[in-house]
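[1] quick one, fold the following:
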Amino acid sequence: MSLQPLSLRYVLFTVASALGVAAGASQGCSSNGTDQPLGTGGASAEGGSAGAATGGSVPGTGGTTTGSGGTSNNTGGVQATGGAAGSGGSTGGAAGSGGVPDAGRRDSGADARAAVESGAAGAGGAGGAGGAGPAPDGSVSCTTPPPQGTPIGWVTVDGMGFTGGVTGGGNAAPMTVTTAAQFSAAIGGTAARVIYVNGTLSGSFGIGSNKTIVGLCGARLQGHVGVSNQSNVIVRNITIQGNNCTDSPQDCSAGADAVTIGNNSHHVWFDHDDVFDGSDGNLDITSGSDFVTISWTKFHYSTARTDPLAGASGHRFSNLIGSADTVTTDAGHLNVTWHHNWWADNVDQRMPRTRFGQIHVFNNLYTPTGNLYCTNAGIQTHVLVENNVYIGSNNPLSPDANGNMLARGNLFQGTRGTTTATGTGFTPPYMYTLDATAALAAAIMAGVGPH
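    Numbers count the residues shown, from 1 in each chain. Okay, the predicted model is just below:
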């Protein structure tokens with residue numbers, strides 16, 4: 001079988017820490033996965049004039065306060081902090097109003113004198129956010145998301161009357177939404193659309209066929225995302241936060257998943273996402289759904305929650321494939337590829353839990369501790385588990401008596417429990433390349449999730 005290399009993307013986090021930075025700055029990002037700071041508000045320099053705002057990837061909000069009282073030093077000079085928010089621009093906004101004189105402070109000085117002086121009012125610091133110019137690395141601003149990668153796995157295979165591989169909204173002109181109402185209207189129906197999400201949108205959202213959903217920097221969907229009886233869907237570069245059992249505090253399993261792909265949906269690709277705190281599950285694939293790939297996505301829970309029914313496990317059951325052994329109509333479906341994903345903090349089990357399908361789990365990272373188990377092969381399923389890294393986890397492999405799992409090339413570090421599975425697995429009907437496990441953990445930690 002010919003092989004096709006994967007490309008790994010790395011993320012470099014940059015932290016801006018300047019004295020007196022105005023409120024409202026946040027993190028931006030570039031197309032190559034390197035996060036860059038947004039323009040920050042002007043900071044008043046100690047004993048000097050206000051600093052200019054730095055250029056960023058998108059306009060920031062600038063400082064929100066006028067200059068506060070100036071503090072004197074032993075030469076009578078004064079300053080004010082903060083500054084009125086300026087308009088966007090590559091060098092920040094206009095200066096703020098003057099500050100009110102401070103009562104003064106002790107200045108140790110070279111001779112350790114403790115003279116106290118009060119000075120005149122200082123001028124406000126320069127406010128304003130950085131402009132919407134290109135990121136420092138010359139890539140793209142946060143008004144344009146990172147480019148889409150190449151899909152791999154079951155999502156590329158023809159089936160259920162669909163040919164040509166997943167395209168989502170294709171070449172439709174992107175539309176940006178900033179409210180839940182706009183988003184709900186845009187994702188409905190079957191018309192091809194490319195939808196950029198900007199901001200945090202809360203609610204329960206149903207995605208229609210032929211859609212590409214892309215998060216701009218910091219975008220978040222909070223609540224539930226469903227793909228039900230739909231096809232040709234791409235969701236990438238976005239954070240999806242579930243209800244964390246607030247919708248069913250007495251029984252997390254009765255609450256909503258963060259993401260559900262169900263009811264015969266097919267050719268669905270989730271890529272470079274961060275999915276966490278689902279009440280029932282983080283991302284479940286059920287009810288005859290098929291031809292799905294989940295890649296470069298992080299799964300976790302924000303706390304080691306508990307609930308009255310599940311007890312200490314807190315129903316922190318991340319990813320279910322197939323809802324029950326009795327749903328025999330799932331046979332021949334539920335074919336899913338999981339690659340370059342990271343199961344992280346507080347996940348207890350189902351990474352994934354499988355039934356009926358042919359499940360390919362390769363080049364993933366597992367770091368939960370105190371968990372019950374990681375990868376499972378359930379009823380009438382064939383699971384191929386290749387070149388994954390398991391660190392400090394319990395029962396990395398959990399093949400059921402009536403499931404079929406083949407594990408090979410995996411790396412186990414500080415794990416406890418089952419690490420072997422010698423079934424027949426299956427032969428994937430698509431091209432893929434296995435990354436070596438030696439540097440895989442670092443590559444996934446750097447490249448996973450929204451950029």
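
[2] please count neighbours and contacts with C-alpha atoms only from this point.
    Will do.

[3] for the stretch 51-200 of the chain, give me the ranges with low pLDDT.
    Regions of the stretch 51-200 of the chain meeting the criterion pLDDT under 70 cover residues 51-141.

[4] got the contact list for the biggest strand by length in the chain?
    Secondary structure of the chain per DSSP state E: the longest strand is strand 220-228. With contacts defined as C-alpha atoms under 8 Å, 6 or more residues apart in numbering, strand 220-228 is touched by 197-208, 238-243, 256-265.

[5] ok, that strand: who's next to it in the sheet?
    Within its sheet, and counting by DSSP bridges, strand 220-228 is paired with strand 200-206 (parallel), strand 239-241 (parallel), strand 259-262 (parallel).

[6] possible to save those strands as TSV with distance to residue 144?
    As requested, the strands paired with strand 220-228 are exported to TSV (distance: least, C-alpha to C-alpha, whole Å):
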stretch	distance to residue 144
strand 200-206	17
strand 239-241	17
strand 259-262	25
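
[7] mean neighbour count and distance to residue 397 for those strands - can I get that in TSV?
    Below are the strands paired with strand 220-228 laid out as TSV (neighbours: other C-alpha atoms under 10 Å; distance: least, C-alpha to C-alpha, whole Å):
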stretch	mean neighbour count	distance to residue 397
strand 200-206	18	33
strand 239-241	24	27
strand 259-262	24	24
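
[8] which one, of the ones you listed, ends up nearest to residue 368?
    Across these, residue 368 has its closest neighbour in strand 239-241 (18.7 Å, C-alpha to C-alpha).

[9] what sits against residue 183?
    Shown in contact with residue 183 (C-alpha under 8 Å, 6+ apart): 177, 197.

[10] so it, which state does it fall into?
    Of the three states, residue 183 takes helix under DSSP: H, G, I helix; E, B strand; the rest coil.

[11] from residue 214, how far out is it?
    From residue 183 over to residue 214 the distance is 11 Å, taken as C-alpha to C-alpha, to the nearest Å.

[12] so what sits against both of the two?
    By the contact definition C-alpha under 8 Å, 6+ apart, residue 183 and residue 214 are jointly contacted by residue 197.

[13] per the annotation, how does this protein divide into domains?
    1-140, 154-447 (automatic domain parsing).

[14] in the stretch 301-450 of the chain, which spans are helices?
    Secondary structure of the stretch 301-450 of the chain, counting by DSSP state H, counting those that start in this stretch: helices at 440-447.

[15] who does the following helix or strand past the longest strand of the chain pair up with?
    Moving toward the C-terminus from strand 220-228, the next helix or strand (DSSP states H and E) is strand 231-236. Strand 231-236 has the following strand partners under DSSP bridges: strand 211-215 (parallel), strand 266-271 (parallel).

[16] distance to residue 371 added to those, as TSV?
    Putting the strands paired with strand 231-236 into TSV (distance: least, C-alpha to C-alpha, whole Å) gives the following:
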stretch	distance to residue 371
strand 211-215	31
strand 266-271	25
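
[17] and of these, who's closest to residue 435?
    With respect to residue 435, and counting by C-alpha to C-alpha, the nearest of the strands paired with strand 231-236 is strand 266-271 at 17.8 Å.

[18] who's in contact with the closest one?
    Contacts of strand 266-271 (C-alpha under 8 Å, 6+ apart): 151, 154-156, 160, 165-166, 229-237, 289-297, 449.

[19] just the buried residues of the residues you listed.
    Among the contacts of strand 266-271, the ones that count as buried by 16 or more other C-alpha atoms under 10 Å are 151, 154-156, 165-166, 229-237, 289-297, 449.

[20] and residue 346, what's its pLDDT?
    Here, the pLDDT recorded for residue 346 equals 98.

[21] from residue 442, how far out is it?
    Residue 346 sits 20 Å away from residue 442 when distances are taken as C-alpha to C-alpha.

[22] the two - which one has more neighbours?
    Between residue 346 and residue 442, counting by other C-alpha atoms under 10 Å, residue 346 is the more crowded of the two (24 against 12).

[23] what's near enough to touch that one?
    Neighbouring residues of residue 346 by C-alpha under 8 Å, 6+ apart: 300, 301, 302, 303, 304, 316, 368, 369, 371.

[24] quick one, what contacts the first one?
    Taking C-alpha under 8 Å, 6+ apart as the criterion, residue 300 is in contact with 275, 276, 277, 318, 343, 344, 345, 346, 347.

[25] how long is stretch 369-386 end to end?
    21 Å.

[26] buried sites along it?
    369, 371-386.

[27] could you tell me which of the contacts of residue 346 belong to strands?
    Of the positions in the contacts of residue 346, residue 300 sit in strands, assigned by DSSP E.

[28] so residue 245 makes contact with residue 278?
    Yes. Taking contact to mean C-alpha atoms under 8 Å, the distance of 7.4 Å between residue 245 and residue 278 places them in contact.

[29] host element of residue 151?
    When secondary structure is defined by DSSP H and E, residue 151 falls outside every helix and strand.

[30] how near is it to residue 293?
    On the measure of C-alpha to C-alpha, residue 151 and residue 293 end up 8 Å apart.
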